[in-house]
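Enquirer: What would the 3D arrangement of this be:
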Amino acid sequence: AGYAGDAVIACFRLLDSPQAKVALRDHPERELVTIISDGLFKDVVRHGFRGLRPADFREVRCEMPDKEFAETAWLHLPGSPTCQA
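Expert: Next up is the predicted model:
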């Protein structure tokens, strides 16, 4: 019916994480929050690919015990000079 696998599951867990929801709630002027996996941050963002600035991201720990999920992620509020979430 759709995509499957660990990467897809992790992506949806991060999107549904309390950290992403709190960032949106605490910054109602923002319509978007970016949350990415630690692997994507290390492989792409930290090298400044296409002008991405690692300093604009904040490391967060996403834990969802009921889903048996715990992972380090990186959060950014696009349009903000730095992530203050």
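Enquirer: Can you show me the helices along this structure?
Expert: Here the chain has its helices, by DSSP state H, at 6-15, 18-26, 38-43.
Enquirer: The nearest residue to residue 57 once chain neighbours are set aside: how many residues sit nearby?
Expert: Nearest non-adjacent residue to residue 57, counting by Cβ to Cβ, 6 or more residues apart in numbering: residue 74, 4.1 Å away. C-betas here are computed from N, CA, C, even on glycine. Using other Cβ atoms under 10 Å, residue 74 has 22 neighbouring residues.
Enquirer: Can you name the residues that contact residue 74?
Expert: The neighbourhood of residue 74, defined by Cβ atoms under 8 Å, 6 or more residues apart in numbering, consists of 35, 36, 37, 38, 40, 41, 45, 57, 58, 59, 60.
Enquirer: how does it look with 7 Å?
Expert: 36, 38, 41, 45, 57, 58, 59 (Cβ atoms under 7 Å, 6 or more residues apart in numbering).
Enquirer: looking at the sheet around it, what are its partners?
Expert: residue 36, residue 59 (DSSP bridges).
Enquirer: what's the distance between it and residue 9?
Expert: Separation of residue 74 from residue 9 (Cβ to Cβ, to the nearest Å): 18 Å.
Enquirer: same thing with residue 52?
Expert: Computed as Cβ to Cβ, the residue 52 to residue 9 distance reads 25 Å.
Enquirer: Quick one: low-confidence residue ranges for this structure.
Expert: Residues of the chain meeting the criterion pLDDT under 70: 1, 80-85.
Enquirer: what about 80?
Expert: 1-2, 79-85 (pLDDT under 80).
Enquirer: separation between residue 73 and residue 42?
Expert: Distance from residue 73 to residue 42, by Cβ to Cβ: 12 Å.
Enquirer: Residue 34 against residue 78, yeah?
Expert: Yes - applying Cβ atoms under 7 Å, one finds residue 34 in contact with residue 78, separated by 6.0 Å.
Enquirer: and the two? which has more neighbours close in?
Expert: Each of residue 34 and residue 78 has its neighbours counted (other Cβ under 10 Å); residue 34 has more, 15 against 11.
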